[in-house]
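Colleague: pasting the sequence and the predicted coordinates here, then a few questions.
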Amino acid sequence: MRENYDFSNGIKNPYAAQLKKQVTINLDAETVDYFKKQAEETGIPYQKLINFYLADCVKNKRHLAWM
């Protein structure tokens with residue numbers, strides 16, 4: 001290994017904006033069961049399905065309608 005490396009001509013990772021951020025959330029058992037059932041039917045992991053659903057909400061600027 002070199003003692004020093006020159007990164008002055010380096011470029012930023014173009015995929016950095018697409019990286020996932022790990023978070024912990026509390027979901028109702030019914031909600032998790034719903035997405036797990038969808039996961040079985042589609043073959044897509046349930047956590048990815050939840051992410052797709054939330055990303056769709058962000059993309060379409062959906063707002064929760066209370067009562």
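Modeller: Ah, there it is. Residues are numbered from 1 along each chain as shown.

Colleague: list the contacts of the residue nearest in space to the middle of the chain.
Modeller: Against the mean C-alpha coordinate of the chain, by Cα atoms, centre = their mean, the closest residue is Asn51 at 4.6 Å. Shown in contact with Asn51 (Cβ atoms under 8 Å, 6 or more residues apart in numbering): Lys20. Every C-beta, even on glycine, is put in place using the N, C-alpha and C of the backbone.

Colleague: element containing it, please.
Modeller: Here Asn51 sits within helix 46-59, counting by DSSP states H and E.

Colleague: contact partners of stretch 55-67?
Modeller: Outside stretch 55-67, no residue touches it (Cβ under 8 Å, 6+ apart).

Colleague: go on, stretch 13-26?
Modeller: By Cβ under 8 Å, 6+ apart, stretch 13-26 touches Asn51.

Colleague: any idea of the mean pLDDT for it?
Modeller: Stretch 13-26 comes out with an average pLDDT of 86.

Colleague: could you list the buried residues of stretch 29-37?
Modeller: Phe35 (16 or more other Cβ atoms under 10 Å).

Colleague: ok now that stretch, how far from the chain's centre?
Modeller: Once both centres are worked out by Cα atoms, centre = their mean, to the nearest Å, stretch 29-37 turns out to sit 17 Å from its chain's centre.

Colleague: what does stretch 39-47 give?
Modeller: 14 Å.

Colleague: go on, stretch 7-21?
Modeller: The answer for stretch 7-21 is 18 Å, by Cα atoms, centre = their mean.

Colleague: which regions of the chain lie under the pLDDT threshold?
Modeller: 67 (pLDDT under 70).
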